[in-house]
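1. Sequence and predicted structure, then a few things I'm wondering about:
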Amino acid sequence: KCSLRFRAVLCKQLGPPEKLVVENVPSLKPGKGQVVVSVKAAGVNFPDVLIIQGKYQFKPEPPFSPGGEAAGVIKELGEGVAGVKVGDRVIAASTWGAFAEEMVADADRLVPMPDAMEYVPASAFILTYGTSYHALKDRAQLTSDGLKLYVTAVEDHFGMEVDYAQLEKYYGAPEKPQPGKLYPVAQCLGARKVERIGNPDPKHISTSFVERQNLTMRMGMRRFTRSTNAFSKKIENHIHAISLYFMYYNFCRIHQTRRVTPAMAAGVTSRVWSMEDIIALLEQSEK
């Protein structure tokens, strides 16, 4: 009777890791295209902490066993599984279920283990190693202007996990006032690129994108211009105005170069939205 049960770490109530328990649970059966893996080691990752608190994009109903990657031996095959056999050593990926002596995994998410690889490093190969490799090889690059506060803010938020540089611009005395201009404009005399964190590519140290976006925002939301009409100064209204602007910009406004909206280019939607569609979302959220 004991052979039909196995030990598993269970999340029976959403919350921090302290709420996890270890219990004996019935043995698993694979579904179509699945296998049961006898787990020898499991990797621990940040999504595991999120999923047990209900903060991950996938939200299984308790009770469930967390854990997204493991290494072990195939115990049983489900219907239609080919290319692997009982007894094969594999690395298994699953959104949850790895923190147990047995787990069910889709056969197409198995990776064969090399003979020389041990179970512990294999259990951290897909997510832990893959994420670390991605962080080192495909690091994000960030550029800001020369405001000194940005240096501390970037360090606090990203640590050393970003390639960060500043584009410092030097300005001279404003131009002489001209008829019709409400305020003088300072003259940009030059700029220099300053590397702050990591190894930013000098060719991509630029603030052109955000400057273009700032211009677009000022043209679309007059509350952002220096000389503006008397808009509401409440922070709630400011947030609502920005939300409406970006919703319109991404879903309703056709990009001149791509000839589609940004949301269509990203695959989020297949059509151009109208303002009526946005209003319908607002009405639906208020129900």
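-> It's in. Here the structure is a predicted model, which means the values were calculated and not measured. Numbering: from 1, shown residues only.

2. Contact partners for G198?
-> R139, M160, V162, D163, Y164 (Cβ atoms under 8 Å, 6 or more residues apart in numbering). Heads up, the C-betas are built off the backbone N, CA and C, glycines and all.

3. Now tabulate those in a markdown table and tack on pLDDT, distance to V39 and neighbour count.
-> Formatted as a markdown table, these follow (pLDDT from 0 to 100; distance: Cβ to Cβ, whole Å; neighbours: other Cβ atoms under 10 Å):
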| residue | pLDDT | distance to V39 | neighbour count |
| --- | --- | --- | --- |
| R139 | 80 | 32 | 18 |
| M160 | 82 | 33 | 11 |
| V162 | 88 | 35 | 18 |
| D163 | 91 | 38 | 20 |
| Y164 | 94 | 40 | 24 |
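
4. what about the helices in the protein?
-> 46-51, 119-123, 130-137, 149-158, 208-220, 235-251, 262-265, 275-285 (DSSP state H).

5. What residues of the second one count as buried?
-> Judged by neighbour count using 16 or more other Cβ atoms under 10 Å, the buried positions of helix 119-123 are Y119, A122, S123.

6. What lies in contact with that helix?
-> By Cβ under 8 Å, 6+ apart, helix 119-123 touches K40, A41, A42, G43, E69, A70, A71, G72, R89, I91, A98, M113.

7. Relative to P30, which of those residues is nearest.
-> P30 lies nearest to G72 out of the contacts of helix 119-123, by Cβ to Cβ, at 13.7 Å.

8. check contacts around A70.
-> Per Cβ under 8 Å, 6+ apart, neighbours of A70: V37, V39, K40, A41, A42, G43, I91, A92, S94, A98, M103, S123.

9. same thing but at 7 Å, please
-> For A70, the contacting residues are V37, V39, A41, A42, A92, A98, M103, S123, by Cβ atoms under 7 Å, 6 or more residues apart in numbering.

10. Show the pLDDT at the third one.
-> Turning to A41, the model gives it a pLDDT of 97.

11. In a markdown table, list the helices of the chain along with distance to S27 and mean pLDDT.
-> Shown next, in a markdown table, are these (distance: least, Cβ to Cβ, whole Å; pLDDT from 0 to 100):
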| stretch | distance to S27 | mean pLDDT |
| --- | --- | --- |
| helix 46-51 | 23 | 93 |
| helix 119-123 | 20 | 96 |
| helix 130-137 | 30 | 80 |
| helix 149-158 | 45 | 92 |
| helix 208-220 | 55 | 86 |
| helix 235-251 | 48 | 90 |
| helix 262-265 | 46 | 92 |
| helix 275-285 | 45 | 88 |
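
12. Which residue would you name as the spatial centre of this structure?
-> Using Cα atoms, centre = their mean, the residue of the chain that lies closest to the mean C-alpha position is Q57, 10.1 Å off.

13. mind checking how far F246 is from R253?
-> Computed as Cβ to Cβ, to the nearest Å, the F246 to R253 distance reads 10 Å.

14. These two: which has the busier surroundings?
-> Set side by side, F246 and R253 show more neighbours around R253, with 16 against 13, by other Cβ atoms under 10 Å.

15. The more buried one contacts P262, correct?
-> No. Judged on Cβ atoms under 7 Å, R253 makes no contact with P262 at a distance of 8.0 Å.

16. quick one: the closest residue to N214 other than its chain neighbours and S243, what's the gap?
-> Spatial nearest neighbour of N214, chain neighbours left out: F224 (7.9 Å); criterion: Cβ to Cβ, 6 or more residues apart in numbering. With distances taken as Cβ to Cβ, F224 is found 14 Å from S243.
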